[in-house]
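*Asks:* can you look at this prediction? I've put the sequence above it.
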Amino acid sequence: MRQSIVPIRLRGRDPAVAIAFGCILLLVLGGSIYSSNFLSADYLLQQLKVASFLGVIATGMMMVILLGQIDLSVPWTVTAGAMMACAATAYGTSGSFLAIPFGIACGAAIGFVNGLAVAYLRIPSMIITLATNAVVQGLMVVYTGGFSPQDSASPAMRFLATGYMIPSVPNGVLVWLVVGILAVFLLTRTTFGRSLYAIGNRERAAYMSGIDTRRIALLAFVISGSLSALGGVLLAGYASKASQSMGDAYLLPSIAAVVLGGTHVLGGKGSYLGTVAGVILITLLQSILSVMQIEEAGRQLIYGVVIIGMLLLYGRQKLN
């Protein structure tokens, strides 16, 4: 009994979370040396707004990674959610009213296909989600004819992404806050959350203990797809319209944010606070790299090295 309690207590004291927040502090201090604006309230709030889009997407990615799986369909799930939400606005008042839920529903449908294939057909998640991403990309290109989408975001989408219900606090940050609270509740207070950790640690043992592992995996992918689409809706609202490949820039950062926050890439361990730290760390890193005028290829190289390094580190820990 003592052995089963210890990991739960230690989970809240994961040193990776402290390291991530320490790196955030170093980045802010280092950035302030480069430019005094890094410590201004306006700059930090702007970075939180930018981080909120990645934070919503990374929340869904964390659910899947906790299972020991991966979701590589994020780029075009984000794009499809944005494009379909904007497309709905072309159908008048009712279309504008249903734009946000319709975009999220499209993401949930993509996640359902992924979850069905992974959980019930036993297709490796890396293969099926990559294939799904290609299929959705083809469907979106056919829909737009290969041109930039002409539909604009609805007023509700723009308000959700750029408006202010609370003075000085962007609505995008509030959306991420609500998503985060729900995620913490799911992970710590529900059977679903406990099942995610159990399956990630050892799926067969979880199945033998009575957990419906297939249903949990299906739900995790549906949540991932839904939140990726919600991230796309927010991005479309922020830019006032959707665009081709707008989700491409969020695949590696979403994985890196989760891994940097201490979630094991092989599943079974991680805290949402760590994911929040990882998101903020990645956002600040992106900002500094932009100020330093490092090209996108350089940024992707940095993300790839980080993920490989953490994979090697956590893989060794898992084996010990």
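*Replies:* Great, that's in hand.
*Asks:* okay, now Ser240: neighbour count?
*Replies:* 13 (other CB atoms under 10 Å). Placement of C-beta: from N, CA and C, glycine included.
*Asks:* make 524 the first number, not 1, from now on.
*Replies:* Sure thing, new numbering starts at 524, so read that last one as Ser763.
*Asks:* so it sits against Ser675, correct?
*Replies:* Yes: applying CB atoms under 8 Å, one finds Ser763 in contact with Ser675, separated by 6.0 Å.
*Asks:* element containing the residue nearest the centre of the chain?
*Replies:* Centroid check for the chain by CA atoms, centre = their mean gives Ala581 as the closest residue, at 1.8 Å. For Ala581, the element it lies in under DSSP states H and E is helix 564-589.
*Asks:* packing partners of that helix?
*Replies:* helix 597-611, helix 694-712, helix 714-724, helix 736-762, helix 774-783, helix 795-814 (3 or more CB pairs under 8 Å, 6 or more residues apart in numbering; DSSP states H and E).
*Asks:* any idea of the angle the first one forms with helix 736-762?
*Replies:* Comparing the axes of helix 597-611 and helix 736-762 via axes from the mean of the first three to the mean of the last three CA atoms, to 10 degrees yields an angle of 60 degrees.
*Asks:* output helix 597-611 as CSV, nothing but the C-alphas.
*Replies:* This file holds the C-alpha atoms of helix 597-611, laid out as CSV (Å, rounded to 0.1, in the frame of the first residue of the first chain):
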residue,chain,number,x,y,z
VAL,A,597,-2.6,18.3,-34.9
PRO,A,598,-1.5,20.6,-37.8
TRP,A,599,-4.4,20.0,-40.0
THR,A,600,-6.9,19.4,-37.2
VAL,A,601,-6.1,22.9,-36.1
THR,A,602,-6.5,24.2,-39.7
ALA,A,603,-9.7,22.2,-40.3
GLY,A,604,-11.3,23.5,-37.1
ALA,A,605,-10.4,27.1,-38.1
MET,A,606,-11.5,26.7,-41.8
MET,A,607,-14.8,24.9,-41.0
ALA,A,608,-15.7,27.5,-38.3
CYS,A,609,-15.1,30.3,-40.7
ALA,A,610,-17.0,28.4,-43.5
ALA,A,611,-20.1,28.2,-41.2
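*Asks:* so how far is Pro598 from Ala762?
*Replies:* To Pro598, Ala762 is 16 Å away according to CB to CB, to the nearest Å.
*Asks:* neighbour count: these two, which is higher?
*Replies:* Ranked by neighbour count (other CB under 10 Å), Ala762 and Pro598 place Pro598 first, with 22 against 16.
*Asks:* pretty sure that one contacts Pro776?
*Replies:* No: if you go by CB under 8 Å, Pro598 and Pro776 don't touch, sitting 11.1 Å apart.
*Asks:* what's the burial count for Gly669?
*Replies:* A count of neighbours around Gly669, defined by other CB under 10 Å, yields 9.
*Asks:* ditto for Lys572
*Replies:* 20.
*Asks:* gap between the closest residue to it other than its chain neighbours and Ile627?
*Replies:* Once flanking residues are discounted, Lys572 sits nearest to Pro693: 4.2 Å by CB to CB, 6 or more residues apart in numbering. In this view, Pro693 and Ile627 are 20 Å apart by CB to CB.
*Asks:* distance of Ala539 from Ile811?
*Replies:* To Ile811, Ala539 is 21 Å away according to CB to CB.
*Asks:* ok, now how distant is the nearest residue to Pro598 once chain neighbours are set aside from Phe576?
*Replies:* In this structure, Pro598 finds its nearest non-sequential neighbour in Gly770, 4.0 Å apart by CB to CB, 6+ apart. Taking CB to CB as the measure, Gly770 falls 10 Å from Phe576.
*Asks:* show me the common contact partners of those two, please.
*Replies:* For the pair Gly770 and Phe576, residues contacting each of them under the criterion CB atoms under 8 Å, 6 or more residues apart in numbering are Gly754, Leu758.
*Asks:* in terms of neighbours, single out the busier of these two.
*Replies:* Taking other CB under 10 Å, Gly770 and Phe576 do not tie; Gly770 has more neighbours (29 against 25).
*Asks:* all good on my end, thank you.
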